[in-house]
Every structure is written in C-alpha cells, then in structure tokens.
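K.L.:
Structure here, sequence nowhere to be found:
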C-alpha cells in the first residue's frame, strides 16, 4: 500500500488546526471564568464555615494546619474541622464547628454517596441539630429506638450505618479539637 | 413543501417523531443518571442542548473542510471543546448544578446524540437546518429528561423541583430514586412513546441501526460482507 | 507492599465489581449494555475489549493528567485531551490487532471502534482522578486496579444480562412492552439484585 504525501498531510493539518483553534477557545474561556470559579469555591467553603461556627466573624488556618480558627474581635471563639469516614456508599465528608467552650456549634455534610431518601437524610436539619451540645473528649455515641441523652445521637430510621459514619467523623473532629486546645491553651 | 415548513419540520421532528432518547435510544446514560431530581434534568438538558446546537453549527460550517478520513476525531475535538466551555461556565455560575451532575457533565462528550447528529445530519446539511435540528433534538432530550425527573422525584421523594407535593398523602417510594427505578421509569416512557408515535413500530434499539458509528463499525461492515 | 495496601486493593477491586458497578449502579456504558447484550458471545467479546481499553486508557491518561496538565494549570483541557487519547488508543489497538493478531482481532478487535464513545471508558479515567483528589493514599496502582475491576464489573453485568435476555426471548410479552421496554424492566430487576451488595465491601474489610 503506497500513500501519497498529500493524502496524509492534509487530514493531519486540518486536525491540527481544529485542535489548536479549540485549545485557544478554551484558554480564553478559562481566563474568563477562572476568577469566578475560584471565588465560588472560596465562598462555598467560607459559607459552610459560617454555618458550623456562627459566632465567628472571620476564619484563618490554624498554625498546625489541621483546622480553621474562628475569630471574633481578635478573640478565638472556636475551631472548624473537616473530617471523613466511611458510610454506606463511600466516603462521608463532614465539617464540624466546636466553640472554645467545648460545645459543638454545627455540623454540615460536605460530601456523601448515601442512598437518597435513607442515608442522604443525614443532610437534614433534624439529624444534624442533635450534635449541637457540649461534648466530652469521648465524643458522641449512637442510640437506636430510644430517646437520646446528653452525648448521645439518635440514629436515623433505616440508616444506622450512615448515622454512625457521621458520628464517627464528628468524633474525629472532637479528638482533633482536644489536641488543638492542649497544644494552644490560650 | 416550501422552505419555512421544512425548517419547522427539522425542528419539531426531534420532539416526538425522532425523539433522540425514546425513539432513537441515544444518550441513555445521562438520561438514567441525572434524573433523580427535576431540577438536575433541566440543567443537564440545557447543557446538552447548548453543545448540540453549537457543535451542529460548527460541524456544518466545516463540513467541506474536514477530510472524510479524520472526521470522527475532528468532530470529537469540536464537541469536547464546547463541552468544556459549558463545564467552565456551569462551574463559575452554578456550582450546585456542577456538583449534582458530577462526572456526567464532561461525559456529554460521549453522549451519542451529539456525535450521532454530527455524523447523520450536520455533516450533510447547511448551517441553518443543522442548528434547528440540534435545537429540536436538544428540546426533545430535555423534555424526556424533565418527564423522567418529575416522575422519579415525585414518586421517590414526594417532591417536584424540591417543593413537597405528596407530603401526608403517600409515603415516597425510595426505589424510584435508585438505579432500578431509573431503568423502570425509562422502560415505561419508551413504551408510552412507542404508543403515541404515529408509526407504532417498536424502536430499533436492539440493533446497531441508530448507532452514530455504524458507518465506520467493523461489526456492520462484516455483516455487509457476509451479505446479511 | 504491606498487607494493608493489598487489602485496600482487594477492597477497591470488589467494590468496583459489586457496589460501584458501572452499568447497574452508575449508569455508565448503558448503550452497549442494551445494544450488544443480546447474545452471550458478543456480550463477552465486547466487555473484554472494554476492560482492556479501560485499563490501558487509565494507564495513559493518569500520568498525562498529573504530569503535563496539572502543574501547568491546564486542568480544563482534561475532557479534550482524554477523549482524544482514548480515540487514538482505540484506533492504534485496532490497527495492531488487525495486523499482527488476526484471531484476537476477530474475537475482540471488531468491538473496538464502538468503544471510543463508550462513556464507561471516559468515565473511569475521570472518576479515578476524582477519587485520588479526595484520598492521598489512592495512587496509580489503585487507579489501575479500579479500572480493571470496573471492566470486570461491566463484564459481569453484561454476561448476567445476556442470560436474562436469552430467557426473555421465549416469553410472551404484552405488545406495547415488546423490545426495549421489557428489556429495561429486566435491567431494573438485575439492578435491584445488585443493590443487595451495597455496604458489603466496607464491612468485609
């Protein structure tokens, strides 16, 4: 089989031109949207931090780099942690806010792959609000079929694995909190 | 038939007569995956329609420039370019939609509807009919996604567009939000579209007839050689 | 390689087949699932070809992404680059098989052109990167095992479904459900059975 040079070169050249044009177009679009995307991502993280630690006016990364410190008028009012555990459908990422007094101020599920209608109900207010109480270094435990006492979380109906996963993640945050407080007693 | 009515027909054929999902059975992955909520369905439909219109237009413009040999890679590059543009804009202006659609947003590239229309229509027709064809197909795709999204959200979560509709009336049937519910609702809609469509003939889903790559596919060529 | 890593790899492999099955759980690769699952032989050939392409595509796109793309801030070219790499790979593989291994070409190669637009292949190359972004212990080896597992999962789903469809052929189906609708209802039932694996793999480990 013999190929003429033109038969090979022309398609290759056309393809090259198309690829170059598409790349230029994309570079332009990227330039146009880059700042907006970065701003959106920053706003989203900042928004979640405000939800879990409503008392803080601003946030900065802690010295250890493991969490964010919430500040209000120059005072440390609390800490925000991002932790992860295994749920029913993969990783569950949770953001937890803990005040300087040692009370959980809010819990937000950042990411999950749980079953819609069952495990995904962990996103709902009714479940998350249970965590908002004083917490000992031992963390929370999960209860089923009975009214929860202090330090106890009532599992969602039909989704005890997800309930446990979220509680595990919050407990990791609690452990990290006590480490952080010990390292920085101010 | 004058030109206006024929253009109108190019537009409307995608909605039921040649509905890309229900009649031609293309782009099923996205149809099944993102229709757990009506809102996502509209977002996905709009993004796909945009890519379909742009790529149909661009490919129709370039139809005399692109050599036949490299047409598939050339089409794919053009389509991937438009998909990335949509992706960047959705990331910038609606991050929630970006999270909801996840990997299915970049996967619009391999949605067979787009390559199928490029290969079957845009590469053979002038720009205006191609754009209208893309628009019609896009609207048909969006309408199907919306129908599935509303049905699955209503039955599976008791809401439509996030507004509670069935609360207190019946318990949501969660399985409609899960993969099996997707297959089931899709099956029912295909049956319904078959009934409503004038031709009354079952869609030719189970063979390669509507596959966008049929022309370059060796299974097909082999069948031809064997004289089938 | 210590035990923990191997345990993790086994978990990734099993999860890719059972709980994260691309066809029945993630809705990737539905077109070939409905199109070529009519006969057991074609289903087998198609899924083997998909598995091979999935592994090779992941092996090539991963270093491309972490190599030239990310350090230069070119992540937005991911879609374009990946689909072109897959298209080129498929073409190359077909040519090589056709030229040097005709028997293999006859059993697998003929499905290759269809694989360019199989969203499961592009899907796996992107999903492994997504997983790696959220988990520092998830590396190249894990990605390759995941790709291979996803291919095997595709094969399992195709073969099971081909069996179901061969039975369906002999059934007396109401007229309006004949053809595609009843096939989709059957797929729905197969998907129900795969729901049973949910949560299983994490408990095993």
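P.N.:
Good, I have the coordinates. Since this is a predicted model, take the numbers as computed values, not measurements.
K.L.:
Surely residue B:167 and residue B:158 touch.
P.N.:
Yes. With contact defined as Cβ atoms under 8 Å, residue B:167 reaches residue B:158; the gap is 5.8 Å. Bear in mind the C-beta positions are built from the backbone N, C-alpha and C, glycine included.
K.L.:
neighbour count winner among those two?
P.N.:
Shown here are residue B:167 and residue B:158; by other Cβ atoms under 10 Å in any protein chain shown, residue B:158 has more neighbours (19 against 11).
K.L.:
Please give me every residue in contact with the residue nearest in space to the middle of chain C.
P.N.:
Most central in chain C under Cα atoms, centre = their mean is residue C:151, positioned 4.0 Å from the mean C-alpha point. For residue C:151, the contact set (Cβ atoms under 8 Å, 6 or more residues apart in numbering or on different chains) comprises C:47, C:50, C:51, C:52, C:54, C:55.
K.L.:
Quick one: list the elements packing against the strand or helix carrying the fourth one.
P.N.:
Residue C:52 is part of helix C:40-64 when elements are defined by DSSP states H and E. For helix C:40-64, the elements it packs on are helix C:78-100, helix C:112-115, helix C:119-134, helix C:140-168, judged by 3 or more Cβ pairs under 8 Å, 6 or more residues apart in numbering or on different chains; DSSP states H and E.
K.L.:
again, only this time at 10 Å
P.N.:
Other helices and strands packing on helix C:40-64, by 3 or more Cβ pairs under 10 Å, 6 or more residues apart in numbering or on different chains; DSSP states H and E, are helix B:218-225, helix C:30-35, helix C:78-100, helix C:102-107, helix C:112-115, helix C:119-134, helix C:140-168.
K.L.:
Just want the angle from the helix or strand containing residue A:76 to helix C:119-134.
P.N.:
Under the criterion of DSSP H and E, residue A:76 resides in strand A:75-87. Put simply, strand A:75-87 runs at 140 degrees to helix C:119-134, going by axes from the mean of the first three to the mean of the last three Cα atoms, to 10 degrees.
K.L.:
returning to that earlier point: please name whichever of the helices and strands packed on helix C:40-64 is nearest to residue A:165.
P.N.:
Of all the helices and strands packed on helix C:40-64, it is helix C:119-134 that lies closest to residue A:165, at 14.9 Å by Cβ to Cβ.
K.L.:
got the buried residues for the closest one?
P.N.:
Within helix C:119-134, the residues scored as buried using 16 or more other Cβ atoms under 10 Å in any protein chain shown are C:119-129, C:131-132.
K.L.:
Name the nearest of those relative to chain A.
P.N.:
Nearest to chain A, judged by Cβ to the nearest Cβ, of those is residue C:131 at 8.9 Å.
K.L.:
In terms of pLDDT, where does residue 104 sit?
P.N.:
This is for chain A. At residue A:104, the model reports a pLDDT of 88.
K.L.:
Correction: the question concerned chain B.
P.N.:
Reported pLDDT for residue B:104: 89.
K.L.:
That one: what's it in contact with?
P.N.:
B:29-30, B:32-34, B:40, B:44, B:47-48, B:111, C:26-28, C:119, C:123 (Cβ atoms under 10 Å, 6 or more residues apart in numbering or on different chains).
K.L.:
ranking those by neighbours, who comes first?
P.N.:
residue C:119 (30 neighbours).
K.L.:
I'd assumed residue B:108 was in contact with that residue.
P.N.:
Yes. Residue C:119 lies in contact with residue B:108 (Cβ atoms under 10 Å); the separation is 9.4 Å.
K.L.:
Between these two, which contacts overlap?
P.N.:
Common neighbours of residue C:119 and residue B:108, using Cβ under 10 Å, 6+ apart, are B:27, B:30.
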